[in-house]
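> just to be clear, the model below is a prediction. Sequence and coordinates:
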Amino acid sequence: MKYICIVFFLVISISSCRQQAINEKCGKNIVVCFNHYHPKPHRTPGGMRHVPMPKVLYTDSIGTLMEYMPDKDFDTITLYSTEHFKELGLNYGDFEFNYYPLMQGDTITISMDSLNYPILSSKHHPEYNRFYNMNYELRKGKTHVGVEAKTCLGGSLAHIAKTIDIIRANNWTSLIIDYCPLDSLQSMFDSYKKNYTDTINSFKEQQLISSEIHDRYQYLLKLKDYESRRMLNEDTAFYRQMEPEIADKYIRYPSYREFLDYYLWFLNQHIPTIRKSQGGSKDWRQTFDELSPKTFQPKSKQILLERCIKEIGENFSAQDVNSYLDKYIHITQDTLLPNKIRDQYNLSADANQLLLKDIHGKPTNLNILLKKNRGKVIYVDFWASWCVPCREEMPPSAKLRELYKGKDVVFVYLAFKDQESSWKKAVEQEGLSEVPDNFLITNPKNSKILEKLKLELIPRYIIFDKQGNIVEVNAPRPSDQQAATTIDKYLKQ
């Protein structure tokens, strides 16, 4: 029976990691030692960066994707596998992943070069370093703004190249700095692919790698090719070419999840309403419906549908979420994810209330808040930690609070569709921790009050008069000079 034993422990020094390596040399363990491995986000010369991504990926014995971030100067994970190699994914700068077939029984130290790119070193078999670090050598001279050409072709850098005339006309300097012509990027990637193929063929001829690892490297090159096609591919049926490669036997590879992400990308381009959305939110309900009748093997299908369910939970109403959770259970027989989603969005809560909790976790609701502040004007700010315009209004809001200090005006901050940990961090950053009426909305999906307010976009501001009636459903924001004028009007009543 396959299994992976993951052991996380503090390594006092490299020598202790090496001592463990001697003990594991004859077994099936793969010891991975992280030597001052603290990857930092990469920023292009023009200032472009991506959202944070997991730094280390691997899969457990049933194919569950595991994420890990070394948080010590010397950290270690021990992987156990019955296969003769185990695939490990390492992130570079939040822009791209590379995947490494680590040999059974080996001990590998992972460090970084001066640009924070991963460097692997084998303890027992120095000859393995040639294929462990193959991509590190191949990418030299074939990158643009510090990332691989395929990453540029598959993302926003390709969009810059396609719209460079508009960018230059508007003198958007930061985008111009990151510009590279599409044909140059494609030529760079074609050269990379040729060298990659020649290199892995040479490794196989020298019997440095097995046929299985050779096939795996070919698969990883194909994965890079799929990414390069995303922004440039005009074939809306391209996803069909990928479907024969969707198989549960690949579950044990973390790179398979990236493959499925690319498959979903191309599938979404096939759906006309999504393809024509001009960058708007994808309707993952349609994606779910497209996937439902497909005859994929069960584990792969469940992974694809999980992605849809998570997106539906994030972007659609409680009614839609519950409907698609029922469909998901019927297809997959899995109840763990639906229970997690229902708990996450509090879908079983009283829909007639707007439920809240404060920074200490104490629950309350809007009705209690209104009764407590009867006789005062209430200015409500709907915001979220992830909302940049919301955060930009916080300094003007602080000035507005100071202006009405000691008067019958209450400022209430309600975090909408926010993660609790992110909300608490933003509360501290924005100086709201000392504001008494600062809450997280705990039933944003099913509250009829929010439905009546048609709260879809934030920031949003509303005003209640002294009797607790809504008198402004779209009140001026704090930075607007009319905010004080409007509050004064109801303060005098």
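Good, I have the coordinates. Just so it is clear, the structure is predicted and the values come from calculations on it, not from any experiment.

> what number of residues lie near residue 462?
19 (other C-beta atoms under 10 Å). For the C-beta atoms, the positions are set from N, CA and C on the backbone; glycine is no exception.

> cool, residue 387 as well?
When neighbours are counted by other C-beta under 10 Å, residue 387 comes out with 19.

> which residue is the nearest non-sequential neighbour of it?
Nearest non-adjacent residue to residue 387, counting by C-beta to C-beta, 6 or more residues apart in numbering: residue 458, 5.3 Å away.

> and for residue 265?
Of all residues beyond its chain neighbours, the one nearest residue 265 is residue 230 (5.6 Å), with distances taken as C-beta to C-beta, 6+ apart.

> for the lengthiest helix in the chain, give me every contacting residue.
Longest helix of the chain, by residue count under DSSP state H: helix 182-205. With contact meaning C-beta atoms under 8 Å, 6 or more residues apart in numbering, helix 182-205 is reached by 130-131, 134, 138-139, 142-144, 148-150, 152-153, 157-158, 161-162, 209, 211, 214, 217-218, 221, 224-225, 228, 232.

> which of the residues you listed fall in strands?
Applying DSSP state E to the contacts of helix 182-205, the entries found in strands are 143, 144, 148.

> ok, now how distant is residue 454 from residue 346?
Residue 454 is 20 Å from residue 346, where distance means C-beta to C-beta, to the nearest Å.

> of those two, who's got more company?
Between residue 454 and residue 346, counted using other C-beta under 10 Å, residue 346 has the larger neighbour count: 17 against 10.

> the more buried one against residue 442, yeah?
Yes: with contacts counted by C-beta atoms under 8 Å, residue 346 reaches residue 442, the gap being 5.1 Å.

> shared neighbours of those two, which are they?
Common contacts of residue 346 and residue 442, defined by C-beta under 8 Å, 6+ apart, comprise residue 355.

> which neighbouring elements make contact with the strand or helix carrying residue 391?
Element membership of residue 391 [criterion: DSSP states H and E] is helix 388-392. For helix 388-392, the elements it packs on are strand 377-383, judged by 3 or more C-beta pairs under 8 Å, 6 or more residues apart in numbering; DSSP states H and E.

> so what touches the strand it packs on?
369-370, 390-391, 393-394, 397, 400, 408-416, 455, 458-466, 468, 475, 478, 483, 487, 490-491.

> please tell me how far that strand is from the chain's geometric centre.
30 Å (C-alpha atoms, centre = their mean, to the nearest Å).

> stretch 100-114 too?
25 Å.

> tell me which residues of it are tucked away?
Neighbour-count burial for stretch 100-114, counted by 16 or more other C-beta atoms under 10 Å, picks out 100, 101, 102, 103, 104, 105, 106, 107, 108, 109, 110, 112.

> taking those residues one by one, which sit in strands?
Going by DSSP E, the strands hold 100, 101, 102, 103, 107, 108, 109, 110, 112 from the buried residues of stretch 100-114.

> nearest to residue 46, out of those: which one, please.
Nearest to residue 46 among these: residue 112, at 23.3 Å, using C-beta to C-beta.

> quick check: beta-bridge partners of the closest one?
Note on residue 112: beta-bridge partners residue 118, judged by DSSP bridges.

> where's it relative to residue 94, distance?
Plainly put, residue 112 is 14 Å away from residue 94 if you go by C-beta to C-beta.

> likewise residue 168?
Using C-beta to C-beta, we find residue 168 at a distance of 28 Å from residue 94.

> compare the two (neighbour count), which wins?
Comparing residue 168 with residue 94 by neighbour count (other C-beta under 10 Å), the higher total belongs to residue 94, at 18 against 13.

> touching, residue 300 and residue 257? I think so.
No: if you go by C-beta under 8 Å, residue 300 and residue 257 don't touch, sitting 10.3 Å apart.

> these two: who's more crowded?
A direct count of neighbours by other C-beta under 10 Å for residue 300 and residue 257 places residue 300 higher, at 22 against 18.

> check what pLDDT the more buried one gets.
In this model, residue 300 is scored at 97, pLDDT.

> what does residue 351 give?
Note for residue 351: predicted pLDDT of 74.

> would you agree residue 147 is in contact with residue 91?
No: counting by C-beta under 8 Å, residue 147 stays clear of residue 91, with 11.8 Å between them.

> need the contact list for residue 247.
Residue 247 neighbours (C-beta under 8 Å, 6+ apart): 297, 300.

> quick check on it: phi, psi?
phi -150, psi 140 (degrees, to the nearest 10).

> spatially central residue in the protein, please.
With distances taken as C-alpha atoms, centre = their mean, residue 53 lies nearest the centre of the chain, 6.0 Å away.

> surely that residue meets residue 91?
Yes: using C-beta under 8 Å, residue 53 is in contact with residue 91, at 5.1 Å.

> what do the two both touch?
Shared contacts of residue 53 and residue 91, defined by C-beta under 8 Å, 6+ apart, comprise residue 97.

> can you give me phi and psi for residue 79?
Per-residue torsions, residue 79: phi -100, psi 130 (degrees, to the nearest 10).
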